[in-house]
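no letters, just coordinates:
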């Protein structure tokens, strides 16, 4: 990725030693140009060309729970009500497999970095190894995945024009990560639609056993737009909610 982004993280911090540990962990991540810590608000703001989800995993490896509170970039003239960031939670829709339908298997985060360029950050786990295609779909209907997702959605193009496929490789341990600039993608055009992730290069197409993930694209907070620390539904803190989600995933 060549466009600079700003990402705000909520991070468990109680003292100066915490910030020192976090700084040391972040030093190994390429693309971070600057960092700002607010110990009182328990936030970390990073700028650069780094992969946002990689920061979350790095801090988790040192025992710190980190949550992306907002993301964005400077200088982008957003259209469509200013929808500059979005997120898609990928759930399992494989009919036959190790995990039940509805299990959370991944996350796709989108950030509008230019008017016609969208940054995509993909994290997938616990699925069979191989190459998977990531496809935006016309419908936001998950009632009968994959048929209910509809046809592939074309950003700003006629439905007859081709769109370069996006492929993520899942390794032998069942994990896959991908970050890239999606040319022509505009977040406001895909809000409320769905994304389908399915394994490719099958010798025989069999939706009953083929790994299929899908989710609805929803608006995500921009930088400084989210100051929530306690979930209004459960009464749990962000850290407790995050740990519960990891256990379920």
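Yes, it's here. Everything numeric here is computed off the predicted structure, so don't read it as measured data.

for the longest strand belonging to the chain, what is the distance to the chain centroid?
If you go by DSSP state E, the chain has its longest strand at strand 104-114. Centroid separation for strand 104-114 versus its chain: 3 Å, with CA atoms, centre = their mean, to the nearest Å.

now do that strand: which elements does it pack against?
Under the contact criterion of 3 or more CB pairs under 8 Å, 6 or more residues apart in numbering; DSSP states H and E, strand 104-114 touches helix 52-61, strand 66-72, strand 85-92, strand 117-124, helix 187-190, strand 212-219. C-betas here are computed from N, CA, C, even on glycine.

quick check: which of the ones you listed is nearest to residue 23?
helix 52-61 (11.0 Å; CB to CB).

now do the buried residues in the closest one.
52, 53, 54, 55, 56, 58, 59 (16 or more other CB atoms under 10 Å).

surely the fourth one touches residue 26?
Yes. Judged on CB atoms under 8 Å, residue 55 makes contact with residue 26 at a distance of 6.9 Å.

name the residues contacting each of those two.
When contacts are counted by CB atoms under 8 Å, 6 or more residues apart in numbering, the set common to residue 55 and residue 26 consists of 32, 46.

rewinding a little: and the buried residues of helix 52-61, which is closest to residue 19?
Out of these, the member with the shortest distance to residue 19 (by CB to CB) is residue 59, at 11.7 Å.

tally up the residues packed near the residue nearest to that closest one when sequence neighbours are not counted, please.
Leaving aside its chain neighbours, residue 59 sits nearest to residue 66 (4.2 Å; criterion: CB to CB, 6 or more residues apart in numbering). Other residues near residue 66 come to 24 when the count uses other CB atoms under 10 Å.

and residue 66, what are its bridge partners?
Beta-bridge partners for residue 66, by DSSP bridges, are residue 11.

which ones are touching it?
9, 10, 11, 12, 44, 55, 56, 59, 60.
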